[in-house]
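# below are the sequence and a predicted model; questions follow.
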Amino acid sequence: MQQGIRKVAIIGTGLVGSSAGYSIVNQGICDELIMVDINKERAVGEALDLSHCIDFTNSRTKVSAGTYEDMTDVDVIIITAGPPPKPGQTRLDTLEIGARIMEDMIPQIMASGFNGIFLIASNPVDIITYHVWKLSGLPRQKVIGTGTSLDSSRLKTYLSQVLDVDPRSIYGYTMGEHGDSQFAAWSHVTVGGKPLLQILDEHKDKFGDIDLDEIVDNVKKVGFEILKRKGTTYYGIGNALAFITRSIFNDDHKIIALSCVLDGEYGEHDICTGVPVIITREGVKEVVELHLTEQEQEQFKTSNKVLREYMESIGYEQKEFVTV
């Protein structure tokens, strides 16, 4: 990654892309922001609108519209292009269209000489991230999806409401597919450093009516509840993209649940799925391998099986690996 100027591009300037751009500009995360869209006039309009925020922020971000040819020296490319699921669909139902978009886009980006980090939010994010990794030829640590970062945030939000604590004092993750087969790794959820399961066991009189299965079900469904009411979700994922981008530039070494290509971690190979990872200026420094319970291990395998079945639909034949 180049030193000095921090340069970000957002490809796809719909509601998610523009929300990410708004968060990035307001937080002063980068020095230059390039907005790219197949609808070039839309990209120009978003760039103009975002540039008018600068007088009210603490730092200056140069915002412009651009093309794939401008990606040569970009540090982080955020990809949000793709169709949102229609009512009755899951995120996986948008795979075929999303895959075709990437097959057209990624070779053009790589032809520019781009050698930075891809950060993908396009759904189904786990499979699209894997597809971008294959199409780009970049090392796996430089191709990242938003994964279950937003789901994990939603989990902490729901828990904060029933426990009456700040969600930032809760640590834990949902893992696997960013979709219906994800699961919460309850054995590793802590509140103020104390295991959640221990808290619930010690305070049955106070928290005995908390249904953990219901909370996970709400996490899975809430995106579609938002979709029914306003068309799609964008503020939460837009802010997540800004948060991840800032963590990359600041070399924070934060641990975030993201889509990452696994190569032996958790006994999994050749799949991109949501796991906690350490994020640095070079992308994924390390996959954090939690000691999951037997039940959680089975849930993880089940979720990854769902992803593999859909991966086959766009031509990725699954191989058999033996864990030694």
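Nice, thanks for sending it over.
# can you pull up the bridge partners for the closest residue to Asp70 other than its chain neighbours?
Spatial nearest neighbour of Asp70, excluding adjacent residues (CB to CB, 6 or more residues apart in numbering): Ile34 at 5.7 Å. Placement of C-beta: from N, CA and C, glycine included. Note on Ile34: beta-bridge partners Ala9, Ser64, judged by DSSP bridges.
# can you pull the contacts of Ile34?
If you count contacts by CB atoms under 8 Å, 6 or more residues apart in numbering, Ile34 has them with Lys7, Val8, Ala9, Ile10, Val63, Ser64, Ala65, Gly66, Asp70, Val74.
# just checking, the last one touches Ile117?
So the one you mean is Val74. No. Counting by CB atoms under 8 Å, Val74 does not reach Ile117; the two are 9.2 Å apart.
# sorry, back to before: for the residue nearest to Asp70, give its distance to Thr90.
For Ile34, the distance to Thr90 equals 32 Å [CB to CB, to the nearest Å].
# what does Leu159 give?
Distance, Leu159 to Thr90, by CB to CB: 25 Å.
# what do you get for Gly116?
Between Gly116 and Thr90 the distance is 31 Å, computed by CB to CB.
# more neighbours: which of these two?
Taking Gly116 and Thr90 together and counting by other CB atoms under 10 Å, Gly116 has the greater number of neighbours (22 against 16).
# who touches that one in this structure?
By CB under 8 Å, 6+ apart, Gly116 lies in contact with Met1, Val74, Asp75, Val76, Ile77, Lys142.
# check Ile11 too.
Gly17, Val36, Asp37, Ile77, Ile78, Ile79, Thr80, Ala81, Met105, Ile109.
# equivalent analysis for Thr80, please.
Contacts of Thr80 by CB under 8 Å, 6+ apart are Ile10, Ile11, Gly12, Gly14, Val16, Gly17, Ala20, Ala121, Ser122, Leu241.
# is Val275 in a helix, a strand, or coil?
strand (DSSP: H, G, I helix; E, B strand; the rest coil).
# quick one: mean pLDDT for the helix or strand that Leu48 is a member of?
Per DSSP states H and E, Leu48 falls inside helix 40-51. Averaged over helix 40-51, pLDDT sits at 98.
# in terms of secondary structure, what does it contact?
helix 15-27, strand 32-36, strand 62-65 (3 or more CB pairs under 8 Å, 6 or more residues apart in numbering; DSSP states H and E).
# what is the rounded mean pLDDT of stretch 66-73?
98.
# what is the lowest-pLDDT residue among the contacts of Ile11?
Least confident of these in the model: Ala81, at 94.
# surely that residue touches Val16?
No. In this structure, Ala81 is not within contact of Val16 by CB under 8 Å, at 9.3 Å.
# between the two, which one's more packed in?
Val16 (27 against 24).
# which stretches of the protein aren't confidently modelled?
Scanning the chain with the threshold set as pLDDT under 70 gives 1-3, 85, 87-89, 91, 318-324.
# what about 80?
Across the chain, residues meeting the criterion (pLDDT under 80) sit at 1-3, 83-93, 317-324.
# the residue most central in space within the chain and Asn304, how far apart?
Residue closest to the average C-alpha location in the chain (CA atoms, centre = their mean): Thr146, at 0.6 Å. Distance of Thr146 to Asn304, computed by CB to CB: 18 Å.
# for this protein, what spans make up the strands?
For the chain, the strands defined by DSSP state E cover 7-11, 32-36, 62-65, 76-79, 117-120, 143-145, 170-171, 174-175, 183-184, 190-191, 194-195, 254-263, 269-280, 283-287.
# looking at these, which is buried most?
Sort the strands of the chain by mean neighbour count, taking mean count of other CB atoms under 10 Å, and strand 143-145 sits at the top with a mean of 29.
# by contact count, what packs against that one?
Checking 3+ CB pairs under 8 Å, 6+ apart, strand 143-145 ends up next to strand 117-120, helix 125-136, strand 254-263, strand 269-280, strand 283-287.
# show me the contact partners of that strand.
Against strand 143-145 from outside (CB under 8 Å, 6+ apart): 117-121, 125-126, 128-129, 132-133, 136, 178, 244, 258-261, 272, 277, 279, 283-284.
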